[in-house]
Structure formats: structure tokens, C-alpha cells
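Q: Have a look; sequence and predicted model below, questions after that.
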Amino acid sequence: MTTHLDATRESYDTVAEDYATRIGSLFAQEPISRSMLAAFAELTSGPVVDVGCGPGHVTAHLAALGLSVSGVDLSPKMVEIARRQHPDLRFDVGSMTALDLPDGELGGLVAWWSIFHLPPAELPAVFAEFRRTLVSGGQLLIGFHVGDERLSPERAYGHPVSYDAYLLRPDVVAGLLGKAGFEVKARLTMEGRKRPQSCLLAKAV
């Protein structure tokens, strides 16, 4: 039986090259959201993991801000591209649903538009997994698309895909983070190209 993780992995393996070509230029056009990455970097000490790192553009940006950072992604093809484009950084294949990390190892964790494909019912367990890996006082930064819809696109980045995507309400995400052991310290909501986007900066308590 194909799970949503399998569908997401296979879809991103399919679109990886075209995604990597397009996403770098889009990221360069997002100074407001990058300001949250800058704040995260200033507040964070210790190792950082960028979960759902894709081709590694955010991982590299965080490294340029002075952080000791590595990336994890579900898609082997994305990890292959990340390693090729950023050979000085570490990238591993893995899932945010079960991170291969000891308890309390990280000073910070970033999920930059990478919880998009998780069914909302799985978010409590994933946020608990994030909290498990962070030291007390560690920083978490999450970016996501705002809404309350489930999307099932048939094509993306010029290729057929088979994943679902979920829009989320900031208050709902903040509430789930609170239950998982985080205190939300800052919120940013932006009008996106197609729909609003939100970033939440939280501290592990």
C-alpha cells in the first residue's frame, strides 16, 4: 500500500531537478520571510537541522548566517542535488516523522514550508518529535501556507505528482506547538503569490 510519505517521496524525486532550478530564484525574492531566518540564526546556538531541506538552499543560507547546520529530506533525489550544489554541507535522507537524532541534541530546527504534505492529524506527533530533538530553550522555525484546505494537484513543476498538500491556520499550528512543549515567540503572516503564508518562531520549554 502506498502511504502519503511514499507518494511525497516519489513526487519530489520526479520534480527535483526542475524544483531546484526554480526555488532558488523564488527564495531570493522573499526578504520578509528571510528576516525570520535571520532572527532564528541570531537566537540559536548549537547544531541546527533543516528538515525537508529540498535542494539545500535554506540550509546553505543558514550556514552563511553562521550556523552549524545540516539538512534532511525525504527525497533521495533532492538530497543528491543538495550534496551536489552544497558539497561543504551535510545532507541525509530521512523523515521528519522519525528523525535519526538523539534526544536534546539540537540547538535549533527549521521546517521551511516542509510540513505542507503532512496530514494535520500527524502534526502533534511530528511536533513532539521536533521537541524531542531540541535542548530546552532551543529554537524552532516553521513556515507554512495558510488556509484550511486539502489540495490534491495532479501536476507540479511541469511533472505529474501524486501527493496531497494541506493549508493550515496559524492559531491551530500555534496551539499544537504549545501542546508539544513549545512557546511561540513570534508570528509573521504574509500575502503570498497564491495564498497567505505564515512563519512561527518558537522556543522549546
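A: Arrived safely, thanks for sending. Numbering: from 1, shown residues only.
Q: Could you pull up the mean pLDDT of the lengthiest helix in the chain?
A: Ranked by residue count under DSSP state H, the longest helix found in the chain is helix 4-28. Averaging pLDDT along helix 4-28 gives 88.
Q: what's the helix or strand just after it in contact with?
A: Downstream of helix 4-28, the next assigned helix or strand under DSSP states H and E is helix 31-43. If you take CB atoms under 8 Å, 6 or more residues apart in numbering as the criterion, helix 31-43 is touched by 27, 58, 61-62, 65-67, 108, 110, 112, 139, 141, 143, 186, 188, 190, 197, 199, 201. The C-beta positions use only the backbone N, C-alpha and C, and glycine is treated the same way.
Q: gap between A125 and V184?
A: Between A125 and V184 the computed distance is 19 Å (CB to CB, to the nearest Å).
Q: Out of these two, name the residue with the larger neighbour count.
A: Higher neighbour count among A125 and V184: V184, with 18 against 13, using other CB atoms under 10 Å.
Q: K194 versus that one, what's the distance?
A: V184 is 25 Å from K194, by CB to CB.
Q: cool, and D18?
A: For D18 relative to K194 (CB to CB), the value is 18 Å.
Q: Comparing those two, which residue is more hemmed in?
A: D18 (13 against 7).
Q: In contact with that one, which residues are there?
A: Contact analysis of D18 by CB under 8 Å, 6+ apart lists Y157, G158, H159.
Q: which among these end up buried?
A: Neighbour counting by 16 or more other CB atoms under 10 Å classes Y157 among these as buried.
Q: Can I get the contacts of D18 in TSV including pLDDT, secondary structure and distance to A180?
A: Converted to TSV, the contacts of D18 look like this (pLDDT from 0 to 100; DSSP: H, G, I helix; E, B strand; the rest coil; distance: CB to CB, whole Å):
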residue	pLDDT	secondary structure	distance to A180
Y157	80	coil	32
G158	82	coil	37
H159	81	strand	34
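Q: could you dump the contacts of D18 to CSV with distance to V93?
A: CSV is the format used below for the contacts of D18 (distance: CB to CB, whole Å):
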residue, distance to V93
Y157, 20
G158, 24
H159, 20
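Q: Could you give me the buried positions within the lengthiest strand in the chain?
A: As assigned by DSSP state E, the longest strand anywhere in the chain is strand 134-145. Judged by neighbour count using 16+ other CB under 10 Å, the buried positions of strand 134-145 are L134, V135, G138, Q139, L140, L141, I142, G143, F144, H145.
Q: Check stretch 195-204 too.
A: Within stretch 195-204, the residues scored as buried using 16+ other CB under 10 Å are Q197, S198, C199, L200, L201, A202, K203, A204.
Q: and what of stretch 51-71?
A: Buried residues in stretch 51-71 (16+ other CB under 10 Å): 51-63, 65, 67, 69-71.
Q: Let's see which of the residues you listed end up in helices.
A: Residues from those lying in helices, with DSSP H as the criterion: H57, V58, T59, A60, H61, L62, A63.
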